[in-house]
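Student: build the 3D model from these lines:
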Amino acid sequence: MINVIVAGAAGRMGQRIVHMIYQNPETALAGAFELPGHPSVSEDAGLVAGVGDLGVKIAGTLKEVIDRGDVLIDFTAPEATLKNVKAVALRGKTAMVIGTTGIKGEMLDEVETLARKIRCVLAPNMSVGVNVMFKIAGEMARILGNDYDMEILEVHHRLKKDAPSGTAMRLAQILADASDRDLEKVGVYERKGMIGQRTDEEIGIQTWRAGDITGEHTVMFGGIGERLELIHRAHNRDNFARGAVRAALWVTKQPEGLYDMQDVLGLK
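Tutor: The predicted structure follows:
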């Protein structure tokens with residue numbers, strides 16, 4: 001049995017993760033926490049998630065619960081995740097699964113450096129289907145090469161704060177690596193006005209935000225006379241939560257190091 005701590009346990013993702021931990025016979029909810037002052041602090045995490053009383057009160061800090069778990073699952077915000085991974089690295093015993101999106105630049109470098117000191121899975125998307133998509137997209141880009149234009153469209157709910165999504169950026173990097181391009185030079189995130197003819201090298205990454213869409217990602221390879229599209233549509237958040245629990249079970253059995261979902265699923 002793996003004892004799991006959930007960060008942001010009262011949030012939309014946190015609640016689904018608690019639900020999946022409850023459903024999985026190999027995991028138990030050992031701790032849950034939110035930001036200090038959150039209205040759900042001191043409430044039972046199971047009741048908040050809709051699975052019944054689990055006897056685990058939502059704490060106001062990680063410090064209150066960090067000694068209870070084998071692994072921490074974190075789908076929060078970049079600043080909160082950095083603070084949490086620092087605490088886990090300092091303790092040195094707890095593993096971690098990070099699904100937080102929008103971690104970039106120097107903050108990402110710091111998170112990755114700390115994560116290598118523990119056992120950590122860091123992935124922009126925990127969905128099994130999306131990670132299969134990552135694998136296939138790279139293979140398609142290698143086969144099709146510069147004869148096909150590469151475009152990515154990502155669609156999410158109106159409340160999502162970062163853009164493009166972490167998943168879209170990971171897809172763009174995979175396409176760039178597979179076709180031997182520098183994404184910093186060829187990524188195109190906006191088109192407006194007289195922009196001229198599309199170049200052979202560019203990779204388009206476009207964003208839509210609307211309603212309550214959980215998440216959709218499309219990779220299009222446009223050739224002359226045909227196009228191929230690789231599409232993933234998330235119908236709810238359960239696929240991400242289920243993948244995170246799968247990653248938690250896997251990472252607790254690994255040596256110290258930084259991993260991603262491709263490692264978890266054996267796709268490398």
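Student: dig out what the residue nearest to Lys160 when sequence neighbours are not counted forms beta bridges with.
Tutor: Spatial nearest neighbour of Lys160, excluding adjacent residues (Cβ to Cβ, 6 or more residues apart in numbering): Arg209 at 6.4 Å. For glycine as for every other residue, the C-beta is placed from the backbone atoms N, C-alpha and C. Beta bridges link Arg209 to His156 when assigned by DSSP bridges.
Student: who touches the residue nearest to Ile231 when sequence neighbours are not counted in this structure?
Tutor: Leaving aside its sequence neighbours, Ile231 sits nearest to Thr218 (Cβ to Cβ, 6+ apart; 4.9 Å). Counting by Cβ atoms under 8 Å, 6 or more residues apart in numbering, Thr218 touches 152-154, 229-231.
Student: picking that back up, return the distance of the residue nearest to Lys160 relative to Lys161.
Tutor: 10 Å (Cβ to Cβ, to the nearest Å).
Student: got it, and Glu201?
Tutor: Counting by Cβ to Cβ, the gap from Glu201 to Lys161 is 30 Å.
Student: Arg209 and Lys161: which has the busier surroundings?
Tutor: Shown here are Arg209 and Lys161; by other Cβ atoms under 10 Å, Arg209 has more neighbours (14 against 10).
Student: thought Pro164 was touching the residue nearest to Lys160, still the case?
Tutor: No - Arg209 is beyond contact range of Pro164, at 10.7 Å (criterion: Cβ atoms under 8 Å).
Student: between the two, which contacts overlap?
Tutor: Counting by Cβ under 8 Å, 6+ apart, nothing touches both Arg209 and Pro164.
Student: do a quick rundown of the helices in this protein.
Tutor: Per DSSP state H, the chain carries helices over the ranges 12-23, 45-49, 78-91, 105-115, 128-144, 166-178, 183-186, 238-251, 261-264.
Student: looking at the ones you listed, which is nearest to Gly222?
Tutor: helix 128-144 (9.8 Å; Cβ to Cβ).
Student: and the closest one, what does it pack onto?
Tutor: Contact here means 3 or more Cβ pairs under 8 Å, 6 or more residues apart in numbering; DSSP states H and E; on that basis helix 128-144 packs against helix 166-178, strand 215-222, strand 227-234, helix 238-251, helix 261-264.
Student: state the mean pLDDT of that helix.
Tutor: Per-region confidence: helix 128-144 scores 95 on mean pLDDT.
Student: list of residues touching it?
Tutor: Taking Cβ under 8 Å, 6+ apart as the rule, helix 128-144 contacts 123, 125, 150, 167, 170-171, 174-175, 177-179, 217, 219, 221, 223, 228, 230, 232, 234, 239, 242-243, 246, 261-262, 265, 267.
Student: got a PyMOL select line for the buried ones in those residues?
Tutor: With 16 or more other Cβ atoms under 10 Å as the criterion, this PyMOL line picks the buried residues out of those:
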select buried, resi 123+125+150+167+170+171+174+175+178+179+217+219+221+230+232+234+239+242+243+246+261+265
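Student: bridging residues for the residue nearest to Ile231?
Tutor: Beta-bridge partners for Thr218, by DSSP bridges, are Leu153, Ile231.
Student: OK, contacts around Leu183?
Tutor: So Leu183 contacts 172-173, 176, 203 (Cβ under 8 Å, 6+ apart).
Student: now swap in Arg116 and tell me
Tutor: Here Arg116 is in contact with 256-258 (Cβ under 8 Å, 6+ apart).
Student: who wins for neighbours among these?
Tutor: Greatest neighbour count in those, by other Cβ under 10 Å, goes to Leu258: 18 neighbours.
Student: hmm, Leu122 and that one touching each other?
Tutor: Yes - counting by Cβ under 8 Å, Leu122 is a contact partner of Leu258 at 6.1 Å.
Student: mutual contacts of those two, please.
Tutor: Contacts common to Leu258 and Leu122, judged by Cβ under 8 Å, 6+ apart, are 112, 115.
Student: any idea how far Lys253 is from Ile205?
Tutor: 35 Å.
Student: more neighbours: which of the two?
Tutor: Shown here are Lys253 and Ile205; by other Cβ under 10 Å, Ile205 has more neighbours (23 against 9).
Student: kindly provide the distance from that one to Arg170.
Tutor: From Ile205 to Arg170 the distance is 11 Å (Cβ to Cβ).
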